[in-house]
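Novice: Sequence plus predicted model, see below.
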There are 2 protein chains.
Amino acid sequence: MATRMKDIAVDLGVSLMTVSKALRNHSDISEETRERVLKRARELNYEPNWIARSLATRRTYMVGVVIPDLMHSFFAEVAKGIARRLDPLGYQVVISNTDENPAAERRQVDLLVARHIDGLIIATALPNWKLNAHAAFQAGATPYVLVDRMPAGLDANYVGVRDEELGEMATAHLLAQGCRRVAHLRGPATANSTGRLRGYKRALSKAGVDFHAEYVVQAGGGDMSGFTAMQHLLSLPSRPDAVFCYNDPVAAGAIQAVLESGLRVPADVAIIGAGNVHYSDQLRVPLSTIDQSSGLLGEEAAGLLVQCIEAKTPAKPSHILIPPRLIVRESSRRLAQAVMRT
Amino acid sequence: MATRMKDIAVDLGVSLMTVSKALRNHSDISEETRERVLKRARELNYEPNWIARSLATRRTYMVGVVIPDLMHSFFAEVAKGIARRLDPLGYQVVISNTDENPAAERRQVDLLVARHIDGLIIATALPNWKLNAHAAFQAGATPYVLVDRMPAGLDANYVGVRDEELGEMATAHLLAQGCRRVAHLRGPATANSTGRLRGYKRALSKAGVDFHAEYVVQAGGGDMSGFTAMQHLLSLPSRPDAVFCYNDPVAAGAIQAVLESGLRVPADVAIIGAGNVHYSDQLRVPLSTIDQSSGLLGEEAAGLLVQCIEAKTPAKPSHILIPPRLIVRESSRRLAQAVMRT
DNA sequence: TGTAGTAACTATAGCGATAAAGTGACTGAG
DNA sequence: CTCAGTCACTTTATCGCTATAGTTACTACA
């Protein structure tokens, strides 16, 4: 069996507590004894049993991460960012997948809270964070931070991208390419999607281009929805010459729809997405996108969460917003100077 | 604070053990008392404290999963398969990323074992599983299962694909398209890569095509390595007209190299990969590939692991091999009948 | 009628740590 | 010389649960 503190204690003829304190650099122990304990611990290959420790301290040094889709490289990158930040601090990251399913999300959150994780980072699939959405949070005060997705009507710790700025940046880029019939495939009814839509409108108005309601079509978030939504746009009497898509998967679906209809990207329809998922540059038409610094997002979320965990008193929710970055590739490049601009 | 068994016990005027047994459906308890306990537990919203339980039972119901790259959708899918199988059994899955780095892998495995996980599933980044590779396994007898990657010189529980069959299938397909100068971008020096290479050779010999050593080039495993390795192949005096790539990322890199050199895929060079990663059909040229049933792989590995965990006596290692499946897309389709063949 | 046997609980010890309070030997100020 | 004040430990009490060994009543059988 593994060595326990007691073994070291008996071995050294001291009390168990002396060992415990020595190992944790407690001030109560003489330099000499500490050395003896540390030495023997190393020799016996002692490893603290964190289960016992957790029971006594009520800390598990585990952090839960709940994301809608592991397969979406954006979230995988967020998760890696989180781990990168938390690993050196001794936290173990536990990732759960919800497949964009609110019920699954609730279940996973409950499971993690029941596991007594110290904190939670969530990219939620819930469009609005109704009271009672996550029962676990009412009772236990497990600290949590939201990333990327900001559900409507909630004030919580949040780390995300400036959505309005993102929408404006993407749209302005398309306008700068000379496109005038710029459409938008918007996402689900979340604060993010609404923010991006606002940015889209603002860019149009700044450029003095009229807003046409039929140019804004709802797409879910996956490539299939992008495909069908794009088909709809293509069927309009006055077909758009550019589309700002809610995210990269939607954009990938949109490109497919355009190509299948016999039109060209970007010559006939310029397209830009958002998220800069890692295969975007290998698509049939390398995809222009707005980078959301997914790794950084994760790191910031982790940092904020640790703050909350270690704070004695629960501070009021804070928001960290990261600026978007335009990445121009082939799918939206119509003018030579566009290359320069980036 | 959360309700404890003791609260229920006092509340009901029975002993703590009665509650404990009742909640675990122990035979020792009368139907009537059990009902009373269950009812009160529900009312008080009791949730067992698994940390305490773990301390007493020496089981955590956590399973570690160590993979080389979360961003690679193949592994993300394996992880999802594992979770799909383990979740209903009450296990929590803890995923760790190693970035293909052997040292990181060792560290992650140690961390997980120190966490007292019940078992481990590893897609290793170690080419050969030297003695002492994972110190954790010498001492503690944490059961583990390897997936996908089979390091050389080891007999352990393993779940993977029939590599030789995979290599033969891919190569035979390219030959069937009429290609005769079929090259192979092989992976690192692992049993998998070697198996695929054997399959490649066998297909050639079965078709009566001579084997040319210069047609086999080492590529790491990522798209960059595929890109440079392909450039090398293109510079050969007798340039290949088809390439079987170790995996999809390598194939994606290879396609890029071919296109950049001004040649066409598949007209000038047909390409096939392996793994069927989820964006393969959205690449510049939709990629033919060999599907490895990644989700199934994960499920099987999880099933095998649970068997090991629950076995009283450690059984001898078993191997589960899954047959590969050919998926023909544009990157290798030269003949009309190829469409029929699939 | 006495002895087993069973059903249904209860009591006692841990699991491997930590927190908080206690103890004895010195030290030093008044 | 005395008494409070450190220093360096040791003791005791949990943390919340489980395993194992009692402990009562009853029931049953010869």
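Specialist: All right, it came through fine.
Novice: got a list of what A:Asp118 touches?
Specialist: A:59-63, A:91, A:142-143, A:309 (CB atoms under 8 Å, 6 or more residues apart in numbering or on different chains). Using the backbone N, CA and C atoms, a C-beta is placed for each residue, glycine as well.
Novice: Okay, and the closest residue to it other than its chain neighbours sits in which element?
Specialist: Sequence neighbours aside, A:Ile309 is the residue nearest to A:Asp118 in space, at 5.1 Å (criterion: CB to CB, 6 or more residues apart in numbering or on different chains). A:Ile309 is part of helix A:294-310 when elements are defined by DSSP states H and E.
Novice: circling back: need the pLDDT of the residue nearest to A:Asp118.
Specialist: On the pLDDT scale, A:Ile309 is placed at 93.
Novice: DNA strand C versus that one, what's the distance?
Specialist: Applying CB to the nearest atom of the strand, to the nearest Å, the value for A:Ile309 to DNA strand C is 15 Å.
Novice: thinking that residue is in contact with A:Pro143, fair?
Specialist: Yes: using CB atoms under 8 Å, A:Ile309 makes contact with A:Pro143 at a distance of 5.6 Å.
Novice: one step back: could I have the buried ones of the contacts of A:Asp118 as ChimeraX selection syntax?
Specialist: The following ChimeraX command selects only the buried members of the contacts of A:Asp118, with burial defined by 16 or more other CB atoms under 10 Å in any protein chain shown:
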select /A:60,61,62,63,91,142,143,309
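Novice: Pick the one among the contacts of A:Asp118 closest to DNA strand D.
Specialist: DNA strand D lies nearest to A:Arg59 out of those, by CB to the nearest atom of the strand, at 12.0 Å.
Novice: For that closest one, which residues are in contact?
Specialist: A:53, A:118.
Novice: Check the secondary structure at it for me.
Specialist: For A:Arg59, the assignment made with DSSP: H, G, I helix; E, B strand; the rest coil gives coil.
Novice: Look up how far A:Cys308 lies from it.
Specialist: For A:Arg59, the distance to A:Cys308 (CB to CB, to the nearest Å) stands at 14 Å.
Novice: sorry, back to before: can you give me how far the helix holding A:Ile309 is from the chain middle?
Specialist: With CA atoms, centre = their mean, to the nearest Å as the basis, helix A:294-310 stands 11 Å off its chain's centre.
Novice: so where is the stretch 201-342 of chain A shaky, pLDDT-wise?
Specialist: A:336-342 (pLDDT under 70).
Novice: can you pull out the helices in it?
Specialist: Taking DSSP state H, counting those that start in this stretch as the criterion, the stretch 201-342 of chain A contains helices spanning A:223-234, A:248-260, A:294-310, A:337-341.
Novice: nearest to B:Ser30, of these?
Specialist: Minimum separation from B:Ser30 across the helices of the stretch 201-342 of chain A (CB to CB) falls at helix A:294-310, 44.3 Å.
Novice: how about A:Arg53, secondary structure?
Specialist: A:Arg53 ends up helix, using three-state DSSP.
Novice: so how far is A:Trp50 from the closest residue to it other than its chain neighbours?
Specialist: Counting by CB to CB, 6+ apart, A:Arg59 is the residue found nearest to A:Arg53 once chain neighbours are left out, at 8.0 Å. According to CB to CB, A:Arg59 and A:Trp50 sit 9 Å apart.
Novice: okay, the contacts of A:Asp118 in TSV with distance to A:Tyr158 next?
Specialist: Formatted as TSV, these follow (distance: CB to CB, whole Å):
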residue	distance to A:Tyr158
A:Arg59	24
A:Thr60	24
A:Tyr61	24
A:Met62	22
A:Val63	17
A:Tyr91	20
A:Thr142	16
A:Pro143	13
A:Ile309	17
